[in-house]
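Colleague: Sharing a sequence plus its predicted fold:
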Amino acid sequence: MTDFISLEALAARVPDGAMVAVPADYGGVAMAATGPLIAGGGRGLHLVCVPTGGLQVDLLVGAGRVRILETSAVTLGEAGGAPAFIRAVQDGALTLRDATCPAILTGLLAAQKGVPFIPMRGLIGSDLLRVRPDWRVIENPFEPGDAIVAIPAIRPDLALFHAAEADRDGNVWIGRRRELALMAYAAKASLVTVERIRETSLLSDEVTAAGVLPAIYVEAVAHAPGGAKPYGLWGEYPADAEEIARYAAAARTEDGFRAWLDRFAGAPSPAFA
Amino acid sequence: MTDFISLEALAARVPDGAMVAVPADYGGVAMAATGPLIAGGGRGLHLVCVPTGGLQVDLLVGAGRVRILETSAVTLGEAGGAPAFIRAVQDGALTLRDATCPAILTGLLAAQKGVPFIPMRGLIGSDLLRVRPDWRVIENPFEPGDAIVAIPAIRPDLALFHAAEADRDGNVWIGRRRELALMAYAAKASLVTVERIRETSLLSDEVTAAGVLPAIYVEAVAHAPGGAKPYGLWGEYPADAEEIARYAAAARTEDGFRAWLDRFAGAPSPAFA
Amino acid sequence: MSPATDRERLIATIANLLDGVRHVAVGASSPIPAAGAMLRRALDEGRRDVRISILGSEKHNFFTNGSAELFDCAAQGRIDAFFLGGGQIDGEGNINLVGAGDYPRSSPRWPGSFGSGLLYYVVPRVILFREEHSPRVLVEKVDFVSAAGASGPGVHRTGGPHALVTSLALFGFDKKRRRFVLAGVHPGYGVDDVRARTGFSFDCAPDLKPTPAPDAGTLSLIRGRVFDELAETYPRFVDAVRGTA
Amino acid sequence: MSPATDRERLIATIANLLDGVRHVAVGASSPIPAAGAMLRRALDEGRRDVRISILGSEKHNFFTNGSAELFDCAAQGRIDAFFLGGGQIDGEGNINLVGAGDYPRSSPRWPGSFGSGLLYYVVPRVILFREEHSPRVLVEKVDFVSAAGASGPGVHRTGGPHALVTSLALFGFDKKRRRFVLAGVHPGYGVDDVRARTGFSFDCAPDLKPTPAPDAGTLSLIRGRVFDELAETYPRFVDAVRGTA
């Protein structure tokens, strides 16, 4: 059954080398877990951005915690490019697996369905296909001569995200952010931070049940009010665009990056990588 | 945009030969549309049961409206076998496409994803595979020697189901019966009957939005309170097991079938097939 | 306390077969398997959490992603045990849920294969449950294979038959030899009775013995908590069995 | 009323390109394409319903199935038009959203390909929109193909480039010849200006003319209803353009 633990204990469940799926900016990022993850979580992570990454990814990359980065984009949105990501790319410090959003979603769907691959349209003629030898062009078995790309299953060790509510059984309300469910289905287990823990079951009425990720997928929950900030959480609070812009400016230098992170994490961060 | 029309007008939008997806007993069956469909809808239908069929399927089959039946099962549950279905099978009056539940869901998912097929595990060594030459055994492109079944996309012309609520924009609340969304994504258009039409938008708050099928998929809505009866509707009313049992007994003969149908439809039904 | 009835013995037998599971799914209209799962959960309380999903039940259904979630969960390895029946079951563990005679004009025609075409292949412990034990049901070769009992190399197969439970006996299944192995005979019957009423040949376990009756503590759990829980989903069944207990 | 600004002309140009669409999707941080779509909707009111999905917007987002629904909708043929940009766009319509120089150590490195790897292939009218019109952006050959402008036989391709809109000009795209066709030059510039600032060769439409300014009714719609609607999602952009109008 689901464990209810601290952010630090949650972060400690991310082992070295783990493949971890994280959501896009708008989708419930477990920002509050980022400091503990850098302080006490695994190194050499394989991050899978579902389907793009932002501030959390940039922090983990800048802190040297990421070995492989699978993503369709890393961006700070209106604040511009992600500085630590760009530096790491240009330093060759990352193994990049550039993708396109639906390919990441397709790979996770294959894991959800327990199949080795699912085909998708598009991609043919692109350099994405060239730099992703793990994707294969196959012939549609139902139409000779019709080429289609087979995307192999992505089976993360962990999904890590933030949501509005959990109940005491470990059910989590994700609403219409169903890519969080996709991540959880595909992953071996999910670590979730939440705004609130409620005492009554989210499954006790059909209206809330419609937005629930069931506890069977949820290994642990940590209570973290405001846990997506400075990102927003749908229906709860908006993103703090000024703070994200401040990060974008600060992180242009290593020192500025570290100063912002220390302040954000509320403590000096440990050695980077 | 979504049209709000009568049950008769809704039924009239089902043309001869249409491929129509319908839900399982527990999933929101548009029972109230069945009489109008037999009276004024298309003939020679290709029904796709998502993933099994019951009373509605048996009525349509018994009335001679079905040419092709694609299903994982047809049953009246505790009331036993579906009499008209069994008669039609034994008379050779139907083209049967026997399936297994996840194969039907996989075929619809392929249509949702806009791909010609999606693979699934299982099936190998079964006679389902033998009687479904439209399913193909392929080699997993990522593991030589690993055989897997490719299920071709199922793209219904129409999805037909019953739900609790629609709003004036044509959004429909389906709750956690997400196979209704799957049907709607896969189909060219959906025809929906509902218990209630509400004046405020279902998308105006995130809690109800989580259970919504957006209007873009919904061609027409008909107001039909109690529209799933004698089946139940989750969170609304239970199934009437006695009435289903009465049908099961009556439908053992053609005359009994017709008498039950006339009473159910509230009018003598037209000539069968 | 009155001695265990035949059905209570079946419930206890099923609970034994579920030892160690974390998540068991039960199909619709399956009160005895559901009771076996509930007994397993009651026996394990405080030591291990056992999840039960009963298809078609609103109360015992934590799925929120429609019909697909059971199959997805099974394919992900998140379901340890499931129950299947069969109009026919043959000696190689093949099951037929479609009909007897020549397909497609089967007679009798049964409802259809349901989810067996996937679940039999990916759920590690599939318990075949059929109360009727007769040569009509337990046949040499099924007329239609809804799902195959075993698969050769080159077929991904993480699941399959774990046991066959009837009103007469309990069989295990030897996946390598693709044969059922008689593991227990219910009291009042012998191996010869089983042979006479089984249409396929089978092996006998060296330690073959009568299937044990539930002990008093277990029987008390069945008659109390398990039947109380079961009544939420199967009120008529519980009224009937309580009338005979 | 003051004459149309350059950006108002771009908005009107985009609305023209969207004539006849039922459903247009707009990526995040794309105020001019969003305004073009809103103008199209305003112009068509009462005759045809135009749906607009703005990614990342809570207000203009009717999707309820997570990130996948946009891509699913596009693959189902339910999205008629979409906008893509590109750090580089080449003469064959290939777009590069990844970076310049040798991959993987691109410099500059841009965010990444987002959904282009599917959307460019399946949305019938993809409008390439990039305000900067320079040989640095409009190149002979992109350094990295995020998505290909055209495909040969044997590739399912229901979508692709419909037009390229910059601050200088409007191009159509000839799918067969895989070349852009200059269709309009914004006032104050000539074909030679376009050639000088375009890194790829292109054809000229026989009826090449200055891109028209929006008429007074259209301009009034832009400055009234469209900017009001746009301000819900892009308040700072609207403040800025209204300051210059």
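Modeller: Thanks, I have the structure now. Because the structure is predicted, anything quoted here is derived from the model rather than measured. Numbers count the residues shown, from 1 in each chain, chains lettered A, B, ... in the order given.
Colleague: Report all helices and strands that the lengthiest helix in chain C contacts.
Modeller: Identified as the longest helix of chain C according to DSSP state H is helix C:31-44. Applying 3 or more Cβ pairs under 8 Å, 6 or more residues apart in numbering or on different chains; DSSP states H and E, one finds that helix C:31-44 contacts helix C:6-17, strand C:23-26, strand C:51-54, strand C:125-129, helix C:216-221, helix C:227-233. Any C-beta I mention is one placed from the backbone N, CA and C, and that applies to glycine too.
Colleague: What residue in chain C comes nearest to chain B?
Modeller: When scored by Cβ to the nearest Cβ, chain C has residue C:117 as its residue closest to chain B, at 2.8 Å.
Colleague: so what's that residue up against?
Modeller: Contact analysis of residue C:117 by Cβ atoms under 8 Å, 6 or more residues apart in numbering or on different chains lists B:99, B:100, B:101, B:102, B:103, B:122, B:123, B:126, B:128, C:146, C:147.
Colleague: rewinding a little: point out the most buried one among the helices and strands packed on helix C:31-44.
Modeller: Most buried of the helices and strands packed on helix C:31-44 by mean neighbour count (mean count of other Cβ atoms under 10 Å in any protein chain shown) is strand C:23-26; its value is a mean of 25.
Colleague: which residues sit in contact with residue 157?
Modeller: Assuming you mean chain A. So residue A:157 contacts A:15, A:18, A:19, A:20, A:187, A:188, A:189 (Cβ under 8 Å, 6+ apart).
Colleague: um, chain C though
Modeller: The contact partners of residue C:157, taken as Cβ under 8 Å, 6+ apart, are C:121, C:122, C:150, C:151.
Colleague: hmm, 7 Å instead?
Modeller: Counting by Cβ atoms under 7 Å, 6 or more residues apart in numbering or on different chains, residue C:157 makes contact with C:121, C:151.
Colleague: per-residue pLDDT, residue C:11?
Modeller: With respect to pLDDT, residue C:11 has a value of 97.
Colleague: Hmm, residue C:36 and it touching each other?
Modeller: Yes - using Cβ atoms under 7 Å, residue C:11 is in contact with residue C:36, at 5.0 Å.
Colleague: which intervals of the chain have sub-threshold pLDDT?
Modeller: Just going to use chain A. By pLDDT under 70, the low-scoring segments of chain A are A:269-273.
Colleague: That was the other one, I meant chain C.
Modeller: Applying pLDDT under 70 to chain C flags the ranges C:58, C:244-245.
Colleague: which bits of chain C sit near chain B?
Modeller: Counting by Cβ under 7 Å from any Cβ of the partner chain, chain C comes close to chain B at C:28-29, C:56, C:58, C:64-68, C:71, C:75, C:98, C:103-107, C:109, C:111-118, C:120-122, C:144-148, C:151, C:154-156.
Colleague: Which among these count as buried?
Modeller: The neighbour-count test (16 or more other Cβ atoms under 10 Å in any protein chain shown) marks C:28-29, C:56, C:58, C:64-68, C:71, C:75, C:98, C:103-104, C:106, C:109, C:111-118, C:120-122, C:144-148, C:151, C:155-156 as buried among these.
Colleague: Just give the closest residue to the closest residue to chain A within chain C, not the sequence neighbours.
Modeller: With Cβ to the nearest Cβ as the measure, residue C:75 is the residue of chain C nearest to chain A, at 2.5 Å. Nearest non-adjacent residue to residue C:75, counting by Cβ to Cβ, 6 or more residues apart in numbering or on different chains: residue A:114, 2.5 Å away.
Colleague: Return the residues in contact with the one you found.
Modeller: Going by Cβ under 7 Å, 6+ apart, the list of residues near residue A:114 reads B:121, C:72, C:75, C:76, C:122.
Colleague: Over to residue A:255?
Modeller: Residue A:255 neighbours (Cβ under 7 Å, 6+ apart): none.
Colleague: On the three-state scheme, it is what?
Modeller: With DSSP: H, G, I helix; E, B strand; the rest coil as the basis, residue A:255 sits in helix.
Colleague: what are the ranges of the helices in chain A?
Modeller: A:7-11, A:34-40, A:55-62, A:83-91, A:101-113, A:127-131, A:178-186, A:206-209, A:241-250, A:254-265.
Colleague: List the buried residues for the shortest one?
Modeller: So that's helix A:206-209. Result for helix A:206-209 [16+ other Cβ under 10 Å]: buried residues A:206, A:208, A:209.
Colleague: List the contacts of residue 164.
Modeller: Answering for chain A, as no chain was given. A:173, A:194, A:195, A:196, A:233, A:235, A:236.
Colleague: think we crossed wires, I meant chain C
Modeller: Applying Cβ under 7 Å, 6+ apart, the residues contacting residue C:164 are C:89, C:128, C:171, C:180.
Colleague: Same question for residue C:143.
Modeller: By Cβ under 7 Å, 6+ apart, the neighbours of residue C:143 are C:88, C:96, C:100, C:101.
Colleague: Recalculate using a threshold of 6 Å.
Modeller: C:96, C:100 (Cβ atoms under 6 Å, 6 or more residues apart in numbering or on different chains).
Colleague: Return the distance of it relative to chain D.
Modeller: Separation of residue C:143 from chain D (Cβ to the nearest Cβ, to the nearest Å): 40 Å.
Colleague: circling back to that earlier point, dump the helices of chain A to JSON lines, plus distance to residue C:16.
Modeller: Below are those laid out as JSON lines (distance: least, Cβ to Cβ, whole Å):
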{"stretch": "helix A:7-11", "distance to residue C:16": "37"}
{"stretch": "helix A:34-40", "distance to residue C:16": "43"}
{"stretch": "helix A:55-62", "distance to residue C:16": "48"}
{"stretch": "helix A:83-91", "distance to residue C:16": "55"}
{"stretch": "helix A:101-113", "distance to residue C:16": "33"}
{"stretch": "helix A:127-131", "distance to residue C:16": "53"}
{"stretch": "helix A:178-186", "distance to residue C:16": "31"}
{"stretch": "helix A:206-209", "distance to residue C:16": "34"}
{"stretch": "helix A:241-250", "distance to residue C:16": "58"}
{"stretch": "helix A:254-265", "distance to residue C:16": "52"}
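Colleague: Of these, which is nearest residue C:193?
Modeller: Closest to residue C:193 of those, according to Cβ to Cβ: helix A:101-113, at 44.7 Å.
Colleague: is chain C contacted by the closest one?
Modeller: Yes - for helix A:101-113, a contact with chain C is found by Cβ under 6 Å from any Cβ of the partner chain, at A:112, A:113.
Colleague: report the angle between the axes of that helix and helix B:101-113?
Modeller: With axes from the mean of the first three to the mean of the last three Cα atoms, to 10 degrees defining the directions, helix A:101-113 sits at 170 degrees from helix B:101-113.
Colleague: ok, is helix A:101-113 in contact with chain B or not?
Modeller: No - residues of helix A:101-113 contacting chain B under Cβ under 6 Å from any Cβ: none, with a closest distance of 7.1 Å.
Colleague: So which other helices or strands are in contact with that helix?
Modeller: Packing partners of helix A:101-113 (3 or more Cβ pairs under 6 Å, 6 or more residues apart in numbering or on different chains; DSSP states H and E): strand A:117-120, strand A:147-152, helix A:178-186.
Colleague: for it, the distance to its chain's centre please.
Modeller: 14 Å (Cα atoms, centre = their mean, to the nearest Å).
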